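*Asks:* no sequence for this one, just the structure:
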């Protein structure tokens with residue numbers, strides 16, 4: 001998704017996603033109640049998401065499935081693509097981590 005640079009905070013990104021979901025719902029001629037029924041997400045959760053951008057990841061995916069909007073989920077946290085041979089060599093020189101680094 002393309003977000004303006006000044007929108008890189010969690011709440012702004014969530015609001016943008018909620019707005020896009022609502023637009024997609026309306027484009028498909030769905031009411032909140034019908035989307036709720038088709039997706040299995042409670043009407044209250046859907047209304048809350050459209051107004052406050054708060055929703056569980058599971059429910060967001062359930063809504064995206066009904067709205068045929070799951071394409072971008074597959075690219076979340078994708079492995080980094082290399083652009084130069086130097087990046088490939090540097091990456092292979094680093095050991096593959098199995099756990100995050102402990103801070104503190």
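*Replies:* Looks like it arrived, so ask away. In this text, all values refer to a predicted model and were calculated from it rather than measured experimentally.
*Asks:* how far does stretch 30-41 sit from its chain's centre?
*Replies:* Averaging C-alpha positions (Cα atoms, centre = their mean, to the nearest Å) puts stretch 30-41 19 Å from its chain's average.
*Asks:* residues making contact with it?
*Replies:* Residues from elsewhere that reach stretch 30-41 (Cβ atoms under 8 Å, 6 or more residues apart in numbering): 25, 42-43, 45-47, 50, 59, 62-63, 65-67. C-beta here means a position set from N, CA and C on the backbone, and glycine is covered the same way.
*Asks:* buried stuff in that stretch?
*Replies:* Neighbour-count burial for stretch 30-41 flags 30, 32, 35-36, 39, 41 (criterion: 16 or more other Cβ atoms under 10 Å).
*Asks:* pLDDT averaged over stretch 64-71, what's the number?
*Replies:* Mean per-residue pLDDT for stretch 64-71: 95.
*Asks:* buried residues, it. List them.
*Replies:* Buried positions in stretch 64-71, judged by neighbour count with 16+ other Cβ under 10 Å: 64, 66-67, 69.
*Asks:* which pair in those spans the largest distance?
*Replies:* The two members of the buried residues of stretch 64-71 with the most space between them (Cβ to Cβ) are 66 and 69, at 8.7 Å.
*Asks:* so where's this structure shaky on pLDDT?
*Replies:* Residue ranges of the chain with pLDDT under 70: 1-7, 92-104.
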